[in-house]
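Chemist: Please work out how this folds:
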Amino acid sequence: MLIGSATLVVICAWLVAVQGTTQLARGPHDVSAFRCFDSKLPNVTIFATGGTIAGTGSSGKDMSNYQIGSLGVQHLIDAVPELCNVANVRGVEVSNVGSHNINSNMLVRMSQQIQQELDDPYTQGAVFTHGTDTLEETAFFMDLTLQSRKPVVAVGAMRPATAISADGPMNLLTAVSLAANHDAWDRGVMLAMNDRIGAARFTSKTNANRVDAFMAVEQGYLGVFENTKPIFFYPPARPLGHRHFDISSQLTAKKSLPKVEILYGYQELEPSLFKSAIDLGAKGIVLAGVGGGWWPTAARRQVDAWAEASGVIIMTSSRSLSGYVDDSSGGIGCGFLDPQRCRVQLQLCLEAGLSRHEIRKVFQFGV
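Modeler: Prediction:
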């Protein structure tokens with residue numbers, strides 16, 4: 001089999017770059033996969049899932065009635081030529097949907113794809129583009145299931161690609177810059193949005209429309225970008241309570257995770273909603289209660305009775321923007337996790353076959 005001269009040059013360059021420092025598992029990606037290539041720059045792979053960052057509207061001022069996920073990953077890369085100065089970038093099209101249509105099958109498949117890429121010694125880091133509506137859930141899922149020292153960066157946009165002053169291109173450039181930076185190692189999955197770096201465990205979308213929508217309210221940001229360069233406030237560390245769930249041997253991309261529902265707490269709550277969730281096959285239910293996770297007393301009594309009879313795991317979180325929820329309001333407290341992240345982690349706990357006591361230890365660490 002003959003090897004093209006361009007590919008041979010790439011292989012030789014990488015052999016020189018990594019000889020004596022890394023055991024080679026397989027050859028580098030074909031040069032044709034990259035938009036541009038410089039042997040001195042790291043390799044970063046962008047996994048695209050759709051969302052507003054890949055959206056197009058009828059005019060530059062159209063910020064709401066636009067087509068989500070209408071642009072492919074190569075278009076996103078080509079729109080930011082400055083990427084060639086940061087990394088050797090190639091794209092992988094995972095899906096092209098709005099993030100409200102992401103399901104657990106897609107999450108499992110994407111996690112396995114990214115893990116395979118991270119295991120390649122020629123890959124420095126990975127980026128995945130995503131709609132912002134459920135970006136925090138997917139980022140947290142990846143943080144719990146990926147096992148690598150290399151950086152993985154989640155990125156999206158609040159304005160479609162056709163908007164005047166679209167934020168997607170700059171967000172993508174900073175995300176790749178972060179994934180290509182060795183100072184980003186050993187920090188888990190991060191979010192790069194609006195010149196800020198946030199941890200996947202603690203950064204959430206707090207506004208439906210504004211560009212500055214993502215915040216880490218209590219825990220703060222990991223760092224910021226200055227002239228697209230990441231600057232960290234702290235040395236590498238993982239949040240207390242972080243746990244890795246190995247899904248490579250437990251799941252296939254065709255299998256869904258156990259069904260977990262979220263029920264919202266409010267005045268005069270109808271408790272039969274809980275029973276309906278059980279009847280529809282829920283294996284766990286997260287109660288997004290008021291304040292410290294509370295539900296109306298009468299509703300809570302009925303919920304406890306149904307839960308005991310069915311064996312369904314009850315988790316208690318808060319509908320508030322931030323705060324800590326323990327076991328005092330009933331069920332298993334979600335700790336610092338918001339309802340949506342609590343749901344993600346409970347799904348993985350149930351898939352791993354953890355007992356109620358073991359699940360409590362995962363969520364109530366250090367207590």
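
Chemist: Please make it C-alpha for all contacts and neighbour counts, starting now.
Modeler: OK.

Chemist: how far away is residue 166 from residue 82?
Modeler: Residue 166 is 16 Å from residue 82, where distance means C-alpha to C-alpha, to the nearest Å.

Chemist: So what would you say the end-to-end distance of stretch 242-259 is?
Modeler: 22 Å.

Chemist: I'd like the average pLDDT over that stretch.
Modeler: Average pLDDT, stretch 242-259: 82.

Chemist: Residue 166 and residue 82: which is more packed in?
Modeler: The neighbour comparison of residue 166 against residue 82 (other C-alpha atoms under 10 Å) goes to residue 166, with 18 against 13.

Chemist: quick one: that one and residue 194 touch, right?
Modeler: No: Residue 166 is not in contact with residue 194 according to C-alpha atoms under 8 Å; the separation is 11.2 Å.

Chemist: helices or strands up against the helix or strand containing residue 305?
Modeler: Assessed by DSSP states H and E, residue 305 sits inside helix 297-310. For helix 297-310, the packing partners by 3 or more C-alpha pairs under 8 Å, 6 or more residues apart in numbering; DSSP states H and E come out as helix 272-279.

Chemist: any idea of the angle the helix it packs on forms with helix 297-310?
Modeler: Counting by axes from the mean of the first three to the mean of the last three C-alpha atoms, to 10 degrees, helix 272-279 lies at 10 degrees to helix 297-310.

Chemist: List the buried residues for helix 272-279?
Modeler: When burial is assessed from 16 or more other C-alpha atoms under 10 Å, helix 272-279 yields the following buried residues: 274, 277, 278.

Chemist: which of those lies closest to residue 225?
Modeler: residue 277 (43.6 Å; C-alpha to C-alpha).

Chemist: which non-adjacent residue is nearest the closest one?
Modeler: Leaving aside its sequence neighbours, residue 277 sits nearest to residue 261 (C-alpha to C-alpha, 6 or more residues apart in numbering; 6.9 Å).

Chemist: For the one you found, name its beta-bridge partners.
Modeler: residue 285 (DSSP bridges).

Chemist: and it, how many neighbours?
Modeler: Residue neighbour count, defined by other C-alpha under 10 Å, stands at 21 for residue 261.

Chemist: I'd like the average pLDDT over stretch 309-320.
Modeler: 95.

Chemist: Equivalent analysis for stretch 338-356, please.
Modeler: So the average pLDDT for stretch 338-356 ends up being 97.

Chemist: Buried residues in it, which are they?
Modeler: Burial within stretch 338-356, assessed by neighbour count using 16+ other C-alpha under 10 Å, is assigned to 338-351, 356.

Chemist: which one of these sits closest to residue 113?
Modeler: residue 348 (18.0 Å).

Chemist: who's in contact with that closest one?
Modeler: Residues in contact with residue 348 (C-alpha atoms under 8 Å, 6 or more residues apart in numbering) are 245, 257, 258.

Chemist: rewinding a little: might you calculate how far the helix holding residue 305 sits from the centre of the chain?
Modeler: Helix 297-310 sits 33 Å away from the centroid of its parent chain (C-alpha atoms, centre = their mean, to the nearest Å).

Chemist: With stretch 118-130 instead?
Modeler: 14 Å.

Chemist: for that stretch, how far is the first residue from the last?
Modeler: Chord length of stretch 118-130, first to last residue, is 19 Å (C-alpha to C-alpha).

Chemist: Show me just the buried residues among the contacts of residue 348.
Modeler: Buried among the contacts of residue 348 by 16+ other C-alpha under 10 Å: 245, 257, 258.

Chemist: my guess is residue 245 contacts residue 141, does it?
Modeler: No: using C-alpha under 8 Å as the test, residue 245 is too far from residue 141 to be in contact (9.4 Å).

Chemist: Excluding covalently adjacent residues, which one is nearest to residue 138?
Modeler: Closest to residue 138 by C-alpha to C-alpha, 6+ apart is residue 107, at 7.0 Å.

Chemist: Could you pull out the buried residues of the helix or strand harbouring the one you found?
Modeler: According to DSSP H and E, residue 107 maps onto helix 104-118. By neighbour count, with 16+ other C-alpha under 10 Å as the criterion, the buried positions of helix 104-118 are 104, 106, 107, 108, 109, 110, 111, 112, 114, 115, 117, 118.

Chemist: how close does the second one get to residue 302?
Modeler: If you measure residue 106 against residue 302 using C-alpha to C-alpha, the figure is 35 Å.

Chemist: what's the answer for residue 123, then?
Modeler: 53 Å.

Chemist: Between those two, which is the more surrounded one?
Modeler: Using other C-alpha under 10 Å, the more surrounded residue of residue 123 and residue 302 is residue 123, with 18 against 14.

Chemist: Mind checking which of the buried residues of stretch 338-356 land in helices?
Modeler: Those of these mapping onto helices are 339-351, 356, per DSSP state H.

Chemist: all strands of the stretch 201-350 of the chain, in order?
Modeler: Counting by DSSP state E, counting those that start in this stretch, the stretch 201-350 of the chain has strands at residues 204-205, 214-215, 223-226, 229-232, 260-264, 284-289, 313-318, 332-333.
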